[in-house]
Each structure stands twice: as structure tokens, then as C-alpha cells.
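A.B. asks: With the sequence up front, the predicted model follows.
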Protein chains: 2
Amino acid sequence: MKIRIDIMLKEGVLDPQGKAIGHALGSLGFKGVEEVRVGKTIIMTTQETDPAKATEDAKAMAEKILANLVIEDFKVTIL
Amino acid sequence: MKIRIDIMLKEGVLDPQGKAIGHALGSLGFKGVEEVRVGKTIIMTTQETDPAKATEDAKAMAEKILANLVIEDFKVTIL
């Protein structure tokens, strides 16, 4: 089963990397860019065949290791 | 307009970060994880209101600055 975990900084948490990209785009001639936020995508294949169990496992992985829940939110999608 | 750019390593390009995550998950008791690959997600808001133009702009940004096309693929989605 192929699973995708999207991890983004929570709303309101400063994103210096996004800010830097926004500035770079502006100074390279891309006008009209307002806010830029950067996140991580983790795509994994597992031997699990039950989508409900796979989603549950992926949530546990995100909560325990992959995401920092103090500043990040995550979303699990079965592909 | 809100735009999402997903940047992933191309198929076949080694992903040491993904490998490390896979090993970490395995040693922490998550069994059955096969391949793990890590990518970037960039979410931006722009003043552009035409979806076609916004997509075109985002593609240009990805090609010129955000992605390394030698080793990475990207996908633009209008949110």
C-alpha cells in the first residue's frame, strides 16, 4: 500500500525558509507572490493491505517520529 | 490564488533521507515499511487570479529556482 504523509508548519508558526523563498522569487522577477510556506512530503510503501490499518499506522508514525506536533500538522492520504 | 508545488526526487535517484526514515521506523517497531521517499511541498498565495496564468508562473518558478530538474520532478496544483 502506498501512503503519503504531508507535514506542514501550523498556521501562525513562522516559516523562515518560506520567507526566504518568497524574497528570492520577488527579487528574481516573480511579482505578486504573497505568502510562501514550505512543508515535507513523505511517500512510503508498506506491506499493509488494509487501508484503514495503513492509515492508522501512518498516523502513529507521524505522531511519534515524523512530525513535531508542537509546531507541525500532518495529513495522511492513501495513494 | 493558492498554489501548491510538490517536488520529489526522480525515480531511481537515491534518497538517503528517506532511507534513514525507513530504518528509524523499522527500529522503532513499525514493521512492513518498504520504501520511503521524502519530498518538499511549497504552498504559496499569489495575487494572480487566472488559474492558467498562475499554473504557468508556478511552473516557471519551479523550473528556474525551486526544483533541481536534474534529480527532481515537480507538480503544480491549484488549491
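C.D. replies: Nice, I can see it. Numbering: from 1, shown residues only, chains lettered A, B, ... in the order given.
A.B. asks: Just the element for A:Gly39, please.
C.D. replies: Using DSSP states H and E, A:Gly39 sits in strand A:33-46.
A.B. asks: Could you give the average pLDDT over that strand?
C.D. replies: For strand A:33-46, the mean per-residue pLDDT is 96.
A.B. asks: so how far is it off the chain centroid?
C.D. replies: 4 Å (C-alpha atoms, centre = their mean, to the nearest Å).
A.B. asks: helix or strand right after it?
C.D. replies: helix A:51-61.
A.B. asks: So is the helix or strand that that next one is followed by next to chain B?
C.D. replies: Note on helix A:51-61: by DSSP H and E, the next helix or strand toward the C-terminus is strand A:72-78. No. If you take C-beta under 8 Å from any C-beta of the partner chain as the test, strand A:72-78 misses chain B, and the best it gets is 10.5 Å. C-beta here means a position set from N, CA and C on the backbone, and glycine is covered the same way.
A.B. asks: Tell me the residues of chain A that contact chain B?
C.D. replies: A:6, A:8, A:18, A:21-22, A:24-25, A:28, A:30-48, A:57, A:60-61, A:64-66.
A.B. asks: Separate out the buried members of those.
C.D. replies: Buried by 16 or more other C-beta atoms under 10 Å in any protein chain shown: A:6, A:8, A:18, A:21-22, A:25, A:30, A:33, A:36-46, A:48, A:57, A:61, A:66, out of those.
A.B. asks: Okay, now the sheet partners of the strand holding A:Gly39, with direction.
C.D. replies: strand A:2-9 (antiparallel), strand B:33-46 (antiparallel) (DSSP bridges).
A.B. asks: Using PDB, list the CA coordinates for it.
C.D. replies: These are the backbone C-alpha positions of strand A:33-46, laid out as PDB (Å, rounded to 0.1, in the frame of the first residue of the first chain):
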ATOM      1  CA  VAL A  33       3.800  36.300  -4.600                       C
ATOM      2  CA  GLU A  34       2.300  36.900  -1.200                       C
ATOM      3  CA  GLU A  35       2.900  34.100   1.300                       C
ATOM      4  CA  VAL A  36       5.100  31.100   0.900                       C
ATOM      5  CA  ARG A  37       5.200  28.100   3.200                       C
ATOM      6  CA  VAL A  38       7.300  25.000   3.000                       C
ATOM      7  CA  GLY A  39       6.400  21.500   4.100                       C
ATOM      8  CA  LYS A  40       7.600  17.900   3.800                       C
ATOM      9  CA  THR A  41       6.000  15.100   1.900                       C
ATOM     10  CA  ILE A  42       6.800  11.500   2.900                       C
ATOM     11  CA  ILE A  43       5.700   8.800   0.500                       C
ATOM     12  CA  MET A  44       6.100   5.300   1.700                       C
ATOM     13  CA  THR A  45       5.100   1.800   0.500                       C
ATOM     14  CA  THR A  46       4.200  -0.700   3.200                       C
END
